[in-house]
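Chemist: The sequence and its predicted three-dimensional model are supplied below.
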Amino acid sequence: MGNQIFITYIYWERRGLEDISWKSHENLEKAIAYAHRYLNHFNFVQCEVLDEENNLVYALDWQGNITDNRQEKSYA
């Protein structure tokens with residue numbers, strides 16, 4: 001599938017307000033590793049990994065629940 005970009009959106013709660021940060025990644029494995037890196041951060045709420053077509057590929061919430069949609073589309 002050539003060079004594809006994946007975007008991680010990390011949702012935070014700071015002082016009762018929700019905040020969002022994002023980062024682009026050139027491969028899916030790095031995007032997922034980036035999501036897991038923030039799992040134990042005390043302000044972390046959720047992280048979503050989206051492909052270039054804005055499809056949800058992977059999600060991780062503060063409780064460690066995972067939504068994994070990698071099988072629905074080939075991300076080679």
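Modeler: Now that the structure is in, tell me what you want to look at. Numbers count the residues shown, from 1 in each chain.
Chemist: make it CA atoms for all contacts and neighbour counts henceforth
Modeler: Fine.
Chemist: where do the helices sit along the chain?
Modeler: Assigned by DSSP state H, the helices in the chain fall at 28-37.
Chemist: Just the pLDDT at the residue nearest to Ala31 when sequence neighbours are not counted, thanks.
Modeler: Distances taken as Cα to Cα, 6 or more residues apart in numbering place His25 nearest to Ala31, at 5.7 Å, with adjacent residues excluded. Turning to His25, the model gives it a pLDDT of 95.
Chemist: My guess is His25 contacts Asn3. True?
Modeler: No. Between His25 and Asn3 there is no contact under Cα atoms under 8 Å: 10.4 Å.
Chemist: neighbour count winner among those two?
Modeler: His25 (17 against 8; other Cα atoms under 10 Å).
Chemist: which residues of the protein fall in strands?
Modeler: All strands of the chain, identified by DSSP state E, fall at 6-14, 17-25, 44-50, 56-61, 66-68.
Chemist: which of the ones you listed sits most buried?
Modeler: Mean neighbour count, computed with mean count of other Cα atoms under 10 Å, is highest for strand 44-50 among the strands of the chain, reaching a mean of 22.
Chemist: that older thread, just put the strands of the chain in TSV and tack on distance to Tyr75.
Modeler: Shown next, in TSV, are the strands of the chain (distance: least, Cα to Cα, whole Å):
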stretch	distance to Tyr75
strand 6-14	10
strand 17-25	13
strand 44-50	12
strand 56-61	9
strand 66-68	12
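Chemist: Any idea what the residue nearest to Ala31 is bridged to?
Modeler: Taking DSSP bridges as the rule, His25 bridges to Phe6.
Chemist: quick one: pLDDT of Gly16?
Modeler: With respect to pLDDT, Gly16 scores 82.
Chemist: That one: neighbour count?
Modeler: Neighbours around Gly16, by other Cα under 10 Å: 8.
Chemist: which residues does it contact?
Modeler: If you count contacts by Cα atoms under 8 Å, 6 or more residues apart in numbering, Gly16 has none.
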